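Enquirer: Coordinates for the following, if possible.
(2 chains)
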There are 2 protein chains.
Amino acid sequence: MLGEGDSKTEPKAPGGRRAGGRGPERPGRGRGRAGEASTTRLPAPTSGAAASRARARRGGAWAERALLRAMAADRRGKAATLALRRRLLSSSCRLFFPEDPIKIVRGQGQYMYDEQGAEYIDCINNVAHVGHCHPLVVQAAHEQNQVLNTNSRYLHDNIVDYAQRLSETLPEKLCVFYFLNSGSEANDLALRLARQYTGHWDVVVLDHAYHGHLSSLIDISPYKFRGLDGQKEWVHVAPLPDTYRGPYREDHPNPAVAYASEVKRVVSSVQEKGRKFGGSPVSCAVGLAVLDVLEKEQLQAHAACVGSFLMELLGQQKAKHPIIGDIRGVGLFVGVDLIKDKATRTPATEEADYLVSRLKENYILLSTDGPGRNVLKFKPPMCFSLDNAQHVVAKLDAILTDMEEKMRSCETLRLQPEAALLSPPLEKMKHPTQIHY
Amino acid sequence: MLGEGDSKTEPKAPGGRRAGGRGPERPGRGRGRAGEASTTRLPAPTSGAAASRARARRGGAWAERALLRAMAADRRGKAATLALRRRLLSSSCRLFFPEDPIKIVRGQGQYMYDEQGAEYIDCINNVAHVGHCHPLVVQAAHEQNQVLNTNSRYLHDNIVDYAQRLSETLPEKLCVFYFLNSGSEANDLALRLARQYTGHWDVVVLDHAYHGHLSSLIDISPYKFRGLDGQKEWVHVAPLPDTYRGPYREDHPNPAVAYASEVKRVVSSVQEKGRKFGGSPVSCAVGLAVLDVLEKEQLQAHAACVGSFLMELLGQQKAKHPIIGDIRGVGLFVGVDLIKDKATRTPATEEADYLVSRLKENYILLSTDGPGRNVLKFKPPMCFSLDNAQHVVAKLDAILTDMEEKMRSCETLRLQPEAALLSPPLEKMKHPTQIHY
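Expert: Alright, predicted model coming up:
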């Protein structure tokens, strides 16, 4: 159930706090309308007063000061940071937008801010489930950090409280908990538990799956091992359950049964052969705070609502732009499958890449996924709002419209400043990347 | 170089802050003398005034309030926490002192406090390198948590600053950094890098080694795989370089060359066959703060000084107690090898276990290690003081003396309250564990 809203379409968190600290916002207000030459880039800190006023209209004074402090603390330019990073970190530690990476100094709710104060909508995210730097989560970490942070070999209430709260969100059978340091460590342990229990070594995995960055998980991740050591003889790859591009599509009389029997063949072909953990008081305090925020701000209901709205808006775009082949997802985890043409459903990989770069120029962070890297993947923090959805889809619409115009005039798609969206001055190219449509 | 001390034996951190927040303390003052029936257990919170005064003499008022807050926040008794833990966590997530685990609610410097306010000296530690809850480290985490915590795919100064600071502490050749979520993840990556570089799969490991809790590392950890799947054919175990109990002892004409040629044989026998990472802004801010504290408080020099003092005191105990066979270590990482007799050097496993339990009754946390689990392992936070060393060794002396008396009178070693150390009332046994000497 959503709290009382101040509008029919915009759910409001209980207590009046709107995720991201923004006041009510309507699409097209306070931002450039889609397709226009305006930009959301805020004035640099030198013209602080105007920037302050602009942001103060939308957020709190505290948030404004936090951003200004973060910008002031930025000691070196982006180029210097990049040069140091190239020297000190391995190139396998990848950057988003490697050709023109972003320097982020501040995160709040569903927004990230670069060193010049420009505001990006974060549809990539990864970890900040309930929004970047949620004050309740930050406070929980700080309170516990001041008192005790140690391993789980002493008794402590946080670890049992967290396990109990988690168990309440899970089926009754899932009632024993292991706390580890990462998803990869968790998957590695799951694999060992399964092998111990079954007494078998072989593993059946879905094609294109990614299970983590550890040796044991690269072995069972087709997404990873195809580029490295190849497939081990004890790994058995089942096809993706893909009713859009797989062999059993939506026009198949019974795609579920057909797919299931194919997986059964893979499983039957498998030969039968015979911790110190995480869970520190601080990580458990943080986990408990995240559960609190999820409940207090009713973020699951919020995400379901905003997600279905986003799917609806994207559906309208699908009717308008033939490049959109399919839209699928659950809640705020949504994929937009881009295709070369409806008949072959060939992945529009370069177009997806170009679109993501253009969205970034428009201060929207989004990434691609899927075997063909042609699926736009929406995975924003759960406080992502109806206004955010409307704004992002409007930008997507404008860029797709522009792309179609270029296609019609047989122009080469090149990245350029968004200001030039309607009258592209090709000589002002910002990036050397050339993508042929 | 150490800062100006207020005593000839006690190094003091610059700025007058003594790790752990204690004022100058002499062995035997403010604590029961070794061997006496007194205890360091502080009054329960109900008799708060006396406890407050006692602690205020030794620490700051802030530290006192922090402990009282932590005790007040303790919502359930130790038994209830233990029962919940047994129900919700896997039994493979082990506890220290499993027969009578400790509930720890507060850590500060080299001390940990249970839910009743009893103060333990932490010689086990693990992670709190510069002392539990160091205020500068806690503050660094909080400042960064409020502003931004995200993955390392955006540019950020903390990750390059931390890499640069680390590179200054390492040989010039070690100049490319990967940040991961745990030591296990780091070792897994190191293994992959080595295999990629050499093109070989086989691994030579030291006997009894432990490299981490992941599948790939259990495979190369004799300490682990002996109890599980056994040794893989591509794992080659070299003996420990042990001049105390190994085949080439201190009386060997050239133990180093003899050992090296044995390892060479193992290496020659090896057949020749053909990430998203950690490094978040917060973890790097914490890492930078730890480096700051290490430097500002001159903790390396401090640990070298206290460590050599500890080794000297332990050496005196070795002359006194025949159970101590060997003392070895570097800095504050010190091992005391306990033996059944000088001739055979048979590991005194049960005695070590008993001693650790008795030390715990005396509010000293210590663990054992080594293939025979007979080596007392000192691994305290680096702020461990000369007074702590003196106090711990005095307690060790008293317990060993008592053990020897029992041996002489052919008594069974049983765990009992420390108050009864000099006149053991066997009927008042606290623990059912019986250890036969």
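Enquirer: and A:Arg265, what pLDDT?
Expert: A:Arg265 is assigned 87 on the pLDDT scale.
Enquirer: I should have written A:Phe225 there, sorry.
Expert: Confidence for A:Phe225, expressed as pLDDT, is 86.
Enquirer: Pretty sure it sits against A:Leu217.
Expert: No. With contact defined as C-beta atoms under 8 Å, A:Phe225 does not reach A:Leu217; the gap is 9.7 Å. Every residue, glycine included, has its C-beta placed from N, CA and C.
Enquirer: what's the helix or strand for the nearest residue in space to A:His321 that is not next to it in sequence?
Expert: Among residues not flanking A:His321 along the chain, A:Leu400 sits closest, at 4.6 Å (C-beta to C-beta, 6 or more residues apart in numbering or on different chains). A:Leu400 is part of helix A:386-408 when elements are defined by DSSP states H and E.
Enquirer: got it, and A:Val257?
Expert: Residue-wise, A:Val257 maps onto helix A:255-268 under DSSP H and E.
Enquirer: Over to A:Gly335?
Expert: Using DSSP H and E, A:Gly335 falls within strand A:333-338.
Enquirer: same deal with A:Arg106?
Expert: strand A:104-108.
Enquirer: which other helices and strands contact that strand?
Expert: Secondary-structure packing of strand A:104-108 (3 or more C-beta pairs under 8 Å, 6 or more residues apart in numbering or on different chains; DSSP states H and E): helix A:61-73, strand A:111-114, helix B:135-147.
Enquirer: out of the ones you listed, deepest packed?
Expert: strand A:111-114 (a mean of 25; mean count of other C-beta atoms under 10 Å in any protein chain shown).
Enquirer: burial of A:Asn254, as a residue count?
Expert: 10 (other C-beta atoms under 10 Å in any protein chain shown).
Enquirer: and the residue nearest to A:Val334 when sequence neighbours are not counted, how far is that from chain B?
Expert: Closest residue in space to A:Val334, ignoring its immediate chain neighbours: A:Phe378 at 4.2 Å, by C-beta to C-beta, 6+ apart. Distance from A:Phe378 to chain B, counting by C-beta to the nearest C-beta, to the nearest Å: 17 Å.
Enquirer: Quick check: which ranges of chain A have low pLDDT?
Expert: A:1-59, A:271-278, A:414-437 (pLDDT under 70).
Enquirer: now the strands for it?
Expert: With strands called from DSSP state E, chain A shows them at A:104-108, A:111-114, A:119-122, A:203-206, A:235-238, A:324-330, A:333-338, A:364-365, A:367-369, A:375-378, A:413-414, A:434-435.
Enquirer: Next, the contact list for the residue nearest to A:His321, please.
Expert: Residues in contact with A:Leu400, defined by C-beta atoms under 8 Å, 6 or more residues apart in numbering or on different chains, are A:317, A:320-321, A:323-324, A:355.
Enquirer: A:Met112 contacts A:Ile104, doesn't it?
Expert: Yes. If you go by C-beta under 8 Å, A:Met112 and A:Ile104 touch, sitting 4.9 Å apart.
Enquirer: Overlap of the contact sets of those two?
Expert: A:120, B:148, B:150, B:154.
Enquirer: And those, which is closest to B:Gly199?
Expert: B:Tyr154 (34.5 Å; C-beta to C-beta).
Enquirer: For B:His142, see how far away the closest one is.
Expert: B:Tyr154 sits 21 Å away from B:His142, going by C-beta to C-beta, to the nearest Å.
Enquirer: Quick check: phi and psi on A:Phe96?
Expert: Here is the backbone geometry of A:Phe96 (degrees, to the nearest 10): phi -70, psi 150.
Enquirer: Count the neighbours of the closest residue to it other than its chain neighbours for me.
Expert: Spatial nearest neighbour of A:Phe96, chain neighbours left out: B:Arg153 (4.5 Å); criterion: C-beta to C-beta, 6+ apart. Counted with other C-beta under 10 Å, residues neighbouring B:Arg153 total 21.
Enquirer: same thing with A:Arg87?
Expert: 13.
Enquirer: what sits against it?
Expert: Applying C-beta under 8 Å, 6+ apart, the residues near A:Arg87 are B:Cys175.
Enquirer: where's A:Asn149 relative to chain B, distance?
Expert: A:Asn149 is 7 Å from chain B, by C-beta to the nearest C-beta.
Enquirer: I'd say that residue and B:Asn126 touch.
Expert: No. Counting by C-beta under 8 Å, A:Asn149 sits too far from B:Asn126 to count as a contact (10.8 Å).
Enquirer: Test my guess that A:Arg358 contacts A:Asp397.
Expert: No. Contact criterion C-beta under 8 Å: A:Arg358 and A:Asp397 do not qualify, at 12.0 Å.
Enquirer: quick one: which of these two has more around it?
Expert: A:Arg358 (22 against 18).
Enquirer: Give me the distance between the more buried one and chain B.
Expert: 19 Å.
Enquirer: Now the helix holding A:Val257: buried residues?
Expert: For helix A:255-268, the neighbour count (16 or more other C-beta atoms under 10 Å in any protein chain shown) marks A:255, A:259, A:262 as buried.
Enquirer: and the last one, what is it in contact with?
Expert: Right, A:Glu262. A:238-239.
Enquirer: How much space separates it from chain B?
Expert: 29 Å.
Enquirer: Likewise for A:Leu288?
Expert: 13 Å.
Enquirer: Skipping its backbone neighbours, what lies nearest that residue in space?
Expert: A:Tyr162 (5.3 Å).
Enquirer: Report the separation between the one you found and A:Val286.
Expert: 9 Å.
Enquirer: hey, where'd the helices end up in the stretch 101-250 of chain A?
Expert: Per DSSP state H, counting those that start in this stretch, the stretch 101-250 of chain A carries helices over the ranges A:135-147, A:157-167, A:183-198, A:215-218, A:222-225.
Enquirer: Touching, A:Val306 and A:Phe384? I think so.
Expert: Yes. Look at A:Val306 against A:Phe384 with C-beta under 8 Å: they come within range, at 5.8 Å.
Enquirer: Same drill for the two, tell me which one is more crowded.
Expert: With neighbours defined as other C-beta under 10 Å, A:Val306 and A:Phe384 compare such that A:Phe384 has more, 28 against 25.
Enquirer: for that one, phi and psi?
Expert: Given degrees, to the nearest 10, the pair of backbone angles that A:Phe384 has is phi -50, psi 130.
Enquirer: so who does it touch?
Expert: A:19, A:110, A:121, A:123, A:303, A:306, A:332.
Enquirer: swap the cut-off to 7 Å and go again
Expert: A:110, A:306, A:332 (C-beta atoms under 7 Å, 6 or more residues apart in numbering or on different chains).
Enquirer: now, of the helices of the stretch 101-250 of chain A, which is deepest in the fold?
Expert: In terms of average neighbour count - mean count of other C-beta under 10 Å - the standout among the helices of the stretch 101-250 of chain A is helix A:215-218, at a mean of 22.
Enquirer: Okay, buried residues for stretch A:312-323 please.
Expert: Quick answer for stretch A:312-323 (16+ other C-beta under 10 Å): A:313-314, A:317-318, A:321, A:323.
Enquirer: Hmm, I typed the wrong one, I wanted stretch A:88-104.
Expert: Quick answer for stretch A:88-104 (16+ other C-beta under 10 Å): A:88-89, A:93, A:95-97, A:100-104.
Enquirer: Pretty sure A:Asp292 sits against A:Leu136.
Expert: Yes. The pair A:Asp292 / A:Leu136 is scored as a contact, 6.4 Å apart, by C-beta atoms under 7 Å.
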